[in-house]
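*Asks:* only the shape, not the letters, is given here:
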């Protein structure tokens, strides 16, 4: 049987964490079916960048200690590369699943390097990309940005840029081939029998029951109150300075703020309207690519 590599590239806020958690918890059962999910990390975003020789020292604020310590960065990079190489050399798999939403933002040169390195170990590479309703995707991304020090007004302006779906999809298609790019609508996957995990299991040729893993929600939604407090806090006391977390910001306090109760976070009508052109552009692109009307609603 010809080996196949499934490269799950996100997008962000499309249940990626839930999928990765289920894959990791089910890895031994999946392995018995010939499906390898290297579970040394649930999220393969940074390991795959290392595998493609990306410069990890330019990576985000996720771990400031590593960001500012070249020795730790090199050690972690070497460990990731070794772990991936070891897994890929094993002979008892015919399907390999790699998952990392960070794959979707890699520049073309990095994607090409990743494709070439993975191609040595497998046959066809199929890229799985989930698309969520472009308005609610943006609202979720704005909310998520607050956890990293973002400011709502600034994030709305960033999210108002057009061409998001177009740029990501065209870049992946150019590197891996249109015939190897599988676009899946997140909203439809969630509503399908078996839900998101069952849909993903079908995409990789696994028994949906193997992915039926129940666990706690790792990325709970924040209330509008929590988002408002974080927004003000991020403006008055920035979370990061010069790439390092500010000593004035307690991670414990930040996490406590995220749990403030209240109605779900939502944008005002004026804020939502700023996103209208970007949302319509993404809707039009998805419709044209898939040859059907995907979402019947735009900006509420």
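*Replies:* Cool, the structure landed. All values derive from a computational prediction rather than experimental measurement. Residues are numbered from 1 along each chain as shown.

*Asks:* quick one: name whatever helix or strand follows the one helix or strand residue 189 maps to.
*Replies:* Assigned by DSSP states H and E, residue 189 belongs to helix 186-191. Next helix or strand after helix 186-191 toward the C-terminus (DSSP H and E): helix 195-203.

*Asks:* can you give me the buried ones in the helix holding residue 189?
*Replies:* Neighbour-count burial for helix 186-191 flags 186-187, 189 (criterion: 16 or more other CB atoms under 10 Å). C-beta coordinates here come from the backbone N, C-alpha and C atoms, glycine included.

*Asks:* repeat for stretch 114-133
*Replies:* The neighbour-count check on stretch 114-133 (16+ other CB under 10 Å) flags 114-115, 117-118, 121-122, 125-133 as buried.

*Asks:* just the residues you listed: which are in helices?
*Replies:* Counting by DSSP state H, the buried residues of stretch 114-133 place 114-115, 117-118 in helices.

*Asks:* of those, which pair is most distant in space?
*Replies:* Greatest spatial distance among these (CB to CB): 115 and 117, at 7.5 Å.

*Asks:* circling back to that earlier point, out of the ones in helices among the buried residues of stretch 114-133, who's nearest residue 241?
*Replies:* Closest to residue 241 out of these is residue 114 (32.7 Å), distances taken as CB to CB.

*Asks:* mind checking how far the closest one is from residue 9?
*Replies:* Here residue 114 is placed at a distance of 10 Å from residue 9 (CB to CB, to the nearest Å).

*Asks:* which residues do those two both contact?
*Replies:* Counting by CB atoms under 8 Å, 6 or more residues apart in numbering, the contacts common to residue 114 and residue 9 are residue 103.

*Asks:* quick check: mean pLDDT across stretch 281-300?
*Replies:* Mean pLDDT, stretch 281-300: 96.

*Asks:* could you give the number of residues near the closest residue to residue 93 other than its chain neighbours?
*Replies:* Using CB to CB, 6 or more residues apart in numbering and skipping residues adjacent in sequence, the residue nearest residue 93 is residue 36, 3.7 Å away. By other CB atoms under 10 Å, 21 other residues sit near residue 36.

*Asks:* and residue 36, what are its bridge partners?
*Replies:* Residue 36 has these beta-bridge partners by DSSP bridges: residue 96.

*Asks:* contacting residues around it?
*Replies:* 30, 87, 90, 93, 95-97.

*Asks:* quick one: residues contacting residue 40.
*Replies:* By CB under 8 Å, 6+ apart, residue 40 lies in contact with 47, 80, 83, 87.

*Asks:* and with 6 Å instead?
*Replies:* Going by CB atoms under 6 Å, 6 or more residues apart in numbering, residue 40 touches residue 83.

*Asks:* how about residue 162?
*Replies:* 277-278, 281.

*Asks:* most neighbours, which of these?
*Replies:* Highest neighbour count within these: residue 278, with 20 neighbours (other CB under 10 Å).

*Asks:* that residue - nearest residue in space that isn't next to it in sequence?
*Replies:* residue 162 (4.9 Å).

*Asks:* wait, residue 42 touches residue 20, no?
*Replies:* Yes: the pair residue 42 and residue 20 passes the contact test of CB atoms under 6 Å, sitting 4.3 Å apart.

*Asks:* neighbour count winner among these two?
*Replies:* residue 20 (23 against 20).

*Asks:* returning to that earlier point: can you redo the contacts of residue 162 as JSON lines with secondary structure?
*Replies:* Formatted as JSON lines, those follow (DSSP: H, G, I helix; E, B strand; the rest coil):
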{"residue": "277", "secondary structure": "helix"}
{"residue": "278", "secondary structure": "helix"}
{"residue": "281", "secondary structure": "helix"}
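
*Asks:* pull the residues that contact stretch 22-32.
*Replies:* 37, 39, 42, 197, 210-211, 213.

*Asks:* measure that stretch end to end?
*Replies:* Its first and final residues considered, stretch 22-32 spans 16 Å by CA to CA, to the nearest Å.

*Asks:* cool, thanks, signing off.
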